[in-house]
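Undergrad: Sequence and predicted model, in that order:
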Amino acid sequence: MKLEILTYPNPILREVSEAVINFDADLKQFAKDMLETMYDANGIGLAAIQVGRPIQMLVIDTRPKDPENSRFEDEDQTELEAKIKQPLILINPEIVNGTGKTTFDEGCLSVPSFFETVERFESIEVRARDLDGKEMNFKVDGLLAICIQHEMDHLKGTLFIDHISFTKSNRIKNQIKKNGYPTREEMEAERKAKKKALEKA
Ligand code: NI
């Protein structure tokens with residue numbers, strides 16, 4: 001079942017998510033619904049709070065996508081990334097170590113149509129649980145590491161627009177409060193036009 005994705009400035013997005021205690025059938029169904037919702041929106045990651053449930057659960061799939069429908073077609077997977085089976089479902093995730101710095105033009109399904117450069121750890125070690133409550137530990141870099149850090153921010157009520165300069169952040173927040181967001185059709189048209197312009201350049 002497709003769920004509704006909440007967008008900024010919905011105050012629910014600022015809630016701090018709680019650890020999952022019951023690894024039951026309801027959780028498995030919810031993970032399925034989150035994946036369906038994420039794929040439908042052409043996203044690469046989604047946190048439970050983005051669909052209104054304040055629990056520490058993320059679904060992620062950063063594998064290269066169909067270029068027609070995604071802006072992530074050019075991201076080559078790193079060796080570490082390729083080792084991790086996706087889609088990835090992370091419950092009660094923690095970053096136990098982070099090294100290096102990298103930047104990426106991040107976007108968010110909860111702040112659609114806006115993109116800003118954000119700095120993150122280049123490489124991270126993650127500890128989390130799977131849907132059965134089994135602990136997993138892994139090291140990863142590349143787009144997957146960036147995505148995990150972005151999604152984990154949601155669990156603390158933080159959005160990528162909180163990481164950029166105060167001036168830029170305020171400009172975006174005011175623009176959204178004043179004009180709202182473009183429709184999905186408008187965003188698609190804009191993305192395709194940008195891509196065409198890039199191809200011609
Ligand atoms: Ni996000």
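TA: All right, it came through fine. Residues are numbered from 1 along each chain as shown.
Undergrad: going forward, measure contacts and count neighbours with C-alpha atoms only.
TA: Will do.
Undergrad: Count the residues that sit near residue 128.
TA: By the measure other C-alpha atoms under 10 Å, the count of residues near residue 128 is 19.
Undergrad: That should have said residue 62, apologies.
TA: Going by other C-alpha under 10 Å, the residues that sit close to residue 62 add up to 23.
Undergrad: Kindly report the same for residue 96.
TA: Count around residue 96 with other C-alpha under 10 Å applied: 12.
Undergrad: Sticking with it, tell me its helix or strand.
TA: Of the helices and strands defined by DSSP states H and E, residue 96 is found in strand 88-99.
Undergrad: Restricting the selection to alpha carbons, write that strand to PDB.
TA: The C-alpha trace of strand 88-99 is given here as PDB (Å, rounded to 0.1, in the frame of the first residue of the first chain):
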ATOM      1  CA  LEU A  88      18.400  -2.300   2.500                       C
ATOM      2  CA  ILE A  89      16.200  -2.100   5.500                       C
ATOM      3  CA  LEU A  90      17.900  -0.600   8.500                       C
ATOM      4  CA  ILE A  91      16.300  -0.600  12.000                       C
ATOM      5  CA  ASN A  92      17.700   1.200  15.000                       C
ATOM      6  CA  PRO A  93      20.800   2.200  13.000                       C
ATOM      7  CA  GLU A  94      23.900   3.800  14.500                       C
ATOM      8  CA  ILE A  95      27.000   5.100  12.900                       C
ATOM      9  CA  VAL A  96      29.800   3.700  15.000                       C
ATOM     10  CA  ASN A  97      32.600   5.300  13.000                       C
ATOM     11  CA  GLY A  98      32.800   7.900  10.200                       C
ATOM     12  CA  THR A  99      35.900   9.000   8.300                       C
END
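Undergrad: Tell me the pLDDT of residue 17.
TA: The per-residue pLDDT reported for residue 17 equals 98.
Undergrad: Any chance of the backbone angles for it?
TA: The phi/psi pair for residue 17 (degrees, to the nearest 10) reads phi -80, psi 150.
Undergrad: List the contacts of it.
TA: Residue 17 makes contacts with 49, 53-56, 155-157, as judged by C-alpha atoms under 8 Å, 6 or more residues apart in numbering.
Undergrad: Looking at the residues you listed, which two lie furthest apart in space?
TA: Largest separation among the contacts of residue 17 by C-alpha to C-alpha: 53 and 156, giving 12.9 Å.
Undergrad: for whichever helix or strand comes after the strand holding residue 96, what is the average pLDDT?
TA: Following strand 88-99 in sequence order, the next helix or strand is strand 102-106 (DSSP H and E). Mean pLDDT, strand 102-106: 96.
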